[in-house]
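*Asks:* Take a look and give me a structure for this.
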Amino acid sequence: MKPDSSCGIEICSPVSKRWQGLKEICRVIDLLRVTPDVSADQRCSLHVHVEVSDLDLAQLNKVLMYWVKCEPVFLDSVPLNRKVNRYCQSIGETDLFSTSSGFDDVCQRLGSNKYLTANTYQYVKGRRQTVEFRTIGNEGCKNPYLVKNWVRLLVHFIEMAKELPVPGRYRDWK
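*Replies:* This is a model prediction of the structure:
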């Protein structure tokens, strides 16, 4: 636990691996859930860092491209206060991809701002080889079932996206 200027206290888990690590995180969240003095208001959120050190840059860029394409669906699954939030900005509403210079630098572009729904800020800074997902709001801070399923979904999303072909551009529906 450490002080956090946006919500008061930040709880950071150690690096967790496999089912045992996820089970331990869920156990801590369940303890927070049943502790009456602990609250998680709209200033709180759940940030998940998924290690991607086993991906080459082409695979990582592909995963991030699929995230950008799927981001509206993920944002439709969270409350409005998380969709319209300066600490969880929609990539689709930024101008990060307004130029047509290609998509070989998606990782670099998503490393420019740590307040995006998914970002590579720590990766680009050389601190951690992770992608950070900030989509889940305060409901994830005290709901171990949600956290377990969200982490499983993110890991599965990455595993599937890295194997798919590069996503194509959207076509007009005319």
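
*Asks:* Helices along the chain, start to end?
*Replies:* Using DSSP state H, the helices of the chain run over 18-34, 57-75, 80-83, 106-109, 121-124, 144-161.

*Asks:* Out of the ones you listed, flag the one nearest Pro167.
*Replies:* The closest of these to Pro167 is helix 57-75. By CB to CB, the value is 5.3 Å. To be clear about C-beta, it is placed using only N, CA and C from the backbone, and glycine gets the same treatment.

*Asks:* mind listing what's buried in the closest one?
*Replies:* Buried residues in helix 57-75, counting neighbours by 16 or more other CB atoms under 10 Å, are found at 59-68, 71, 74-75.

*Asks:* Could you do stretch 16-28 as well?
*Replies:* Leu22, Ile25, Cys26.

*Asks:* Hmm, Asn149 and the first one touching each other?
*Replies:* Think Leu22. No - Leu22 is beyond contact range of Asn149, at 10.3 Å (criterion: CB atoms under 8 Å).

*Asks:* what sits against Ser45?
*Replies:* For Ser45, the contacting residues are Arg82, Tyr87, Cys88, Arg134, Ile136, Gly137, Asn138, Gly140, Cys141, by CB atoms under 8 Å, 6 or more residues apart in numbering.

*Asks:* now with 10 Å?
*Replies:* Ser45 makes contact with 6-7, 78, 82, 85, 87-88, 134-141, according to CB atoms under 10 Å, 6 or more residues apart in numbering.

*Asks:* Cheers, nothing more for now.
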